[in-house]
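**Q** Quick check, what structure comes out for this input:
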Amino acid sequence: MAIGAQTDALDGRASRPLHRRWYFWLLLVGVIAYVVAFFMHWDSRGVLWVKEQLKSPAERSASIWLPDYRVDIDAKLLPGMEKDEASDLSYNPVTKTLFSVMGKNAFLVELTLKGDVLRKIPLVGWSNPEGVAVLENGLMAIVDERQHLMTIVTVTADTRTLNIADFPKYDLGPSKDQNKAFEGVAWDPRRQQMLFGEERPPALFTWKSDGSAAFKGDKQKVKTNALDMRNLSALSIDPRTGHMLVMSADSHLLLELDDKGEQVSFIALLGGFNGLSKTIPRAEGVAMDEAGTLYMVSEPNLFYSFRKQ
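**A** A predicted model of the protein is given here:
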């Protein structure tokens, strides 16, 4: 065999392992990309994004329309709460303030709409408060995920501490995953009902009430296929449209659902989107006021607000 032919044969044999290595790495990257896309539900987000583009101006104006929101306060620190883990957020239309619960060290905190701390109220007897909702006439609902319990408390301007033994309590029942139970809660004044969110697998429930400590019948599961998210970390109700806001910390997602539980719009809580300088590390609370301003809290102690452009 000629020397040139021998050299070509050797080069061919040497190049095959190199090609195999490239194929292996390309396959590995493809598998990783698929797994990430699957768990982050990027395929579902893509479908919803396409649906958003088909919405008419009238449909957009009749909804919250999250794509139009831009961050106004970005990752403001809540001082002195680095080890407390902000777990939920609710807007009080009477006081024009926000209330959040801290899950690790149990207390209720009142905030201004700029994220300044007004007061901290210790929660005696709660083990893991993860949800808070402002009702009517000074009442609030606090959900303890570990105890599967909702407590209706009264909070006034003079309240300095709350003891769970002093207020009516409601058993929320078992969850499919006892360690990932009811985490989101919101009061829906238009439909006179409480809205509950189960963390994992994500699920929604309603319970009829009159805005007081009286509840009718049993809670009912909401039939919806719209919860394309890894977990459910918080809920809120838009007081203008009645639409639901559903947050997922694991999916870095805020989703708008209409009164039928259908997807309307969404935003990704990732750095570079909607004006965010960095990804919201773990979004655990969302609230909206009557002007349409969005407020969020993230573990451990970060505050955000978004305004519609």
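**Q** Stretch 256-266: end-to-end distance?
**A** 6 Å (CA to CA, to the nearest Å).
**Q** What of stretch 62-80?
**A** The first-to-last residue distance of stretch 62-80 comes to 40 Å (CA to CA).
**Q** Show me what the mean pLDDT comes to for it.
**A** For stretch 62-80, the mean per-residue pLDDT is 95.
**Q** chain center to it: distance?
**A** Distance of stretch 62-80 from the chain centroid (CA atoms, centre = their mean, to the nearest Å) equals 13 Å.
**Q** Stretch 99-114 now?
**A** The chain centroid and the centroid of stretch 99-114 are separated by 16 Å under CA atoms, centre = their mean.
**Q** What residues sit buried inside that stretch?
**A** For stretch 99-114, burial by neighbour count (16 or more other CB atoms under 10 Å) applies to 99-103, 106-111, 113. C-betas here are computed from N, CA, C, even on glycine.
**Q** quick one: which of these is nearest Leu269?
**A** If you rank the buried residues of stretch 99-114 by distance to Leu269 using CB to CB, Ser100 comes first, at 17.2 Å.
**Q** pLDDT averaged over the helix or strand harbouring that closest one - what is it?
**A** Element membership for Ser100 (DSSP states H and E) is strand 97-102. Mean per-residue pLDDT for strand 97-102: 96.
**Q** Show residues contacting whichever helix or strand comes after it.
**A** As assigned by DSSP H and E, the chain's next helix or strand after strand 97-102 is strand 107-111. Counting contacts by CB atoms under 8 Å, 6 or more residues apart in numbering, the residues outside strand 107-111 that touch it are 78, 81, 84, 95, 97-102, 117-123, 129, 132, 140, 142, 155, 162, 303.
**Q** Select only the buried ones of these in ChimeraX?
**A** Selecting only the buried entries of these in ChimeraX, with 16+ other CB under 10 Å as the criterion:
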select :78,81,84,97,98,99,100,101,102,117,120,121,123,129,132,140,142,155,162,303
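**Q** Show me the contacts of strand 107-111 that map onto strands.
**A** 97-102, 117-123, 129, 132, 140, 142, 162, 303 (DSSP state E).
**Q** Out of the buried residues of stretch 99-114, flag the one nearest to Leu255.
**A** Proximity of the buried residues of stretch 99-114 to Leu255 (CB to CB) peaks at Ser100, which lies at 20.8 Å.
**Q** in the chain, which ranges drop under the pLDDT threshold?
**A** With pLDDT under 70 as the threshold, the chain has low-confidence stretches at 1-49, 52, 54, 176-180.
**Q** what about 80?
**A** 1-56, 175-181, 211-213 (pLDDT under 80).
**Q** For the residue nearest to Leu77 when sequence neighbours are not counted, give me its contacts.
**A** Leaving aside its sequence neighbours, Leu77 sits nearest to Asn301 (CB to CB, 6 or more residues apart in numbering; 6.0 Å). Each residue near Asn301 by CB under 8 Å, 6+ apart is listed here: 77-79, 81-82, 84-86.
**Q** Quick check on Asn301: phi, psi?
**A** With angles defined as degrees, to the nearest 10, Asn301 sits at phi -160, psi 50.
**Q** ok, now how distant is it from Thr206?
**A** Distance of Asn301 to Thr206, given as CB to CB, to the nearest Å: 31 Å.
**Q** thinking again about what came up before, between the contacts of Asn301, which is nearest Gln220?
**A** Of the contacts of Asn301, the one sitting nearest to Gln220 (CB to CB) turns out to be Ala86, at 29.3 Å.
**Q** Grab the nearest non-local neighbour of the spatially most central residue of the chain.
**A** Nearest to the mean C-alpha position of the chain, by CA atoms, centre = their mean, lies Met247 at 2.1 Å. Closest residue in space to Met247, ignoring its immediate chain neighbours: Ala234 at 4.1 Å, by CB to CB, 6+ apart.
**Q** neighbours of that neighbour, just the number please.
**A** 30 (other CB atoms under 10 Å).
**Q** ok, it touching Leu253?
**A** No: in this structure, Ala234 is not within contact of Leu253 by CB atoms under 8 Å, at 11.1 Å.
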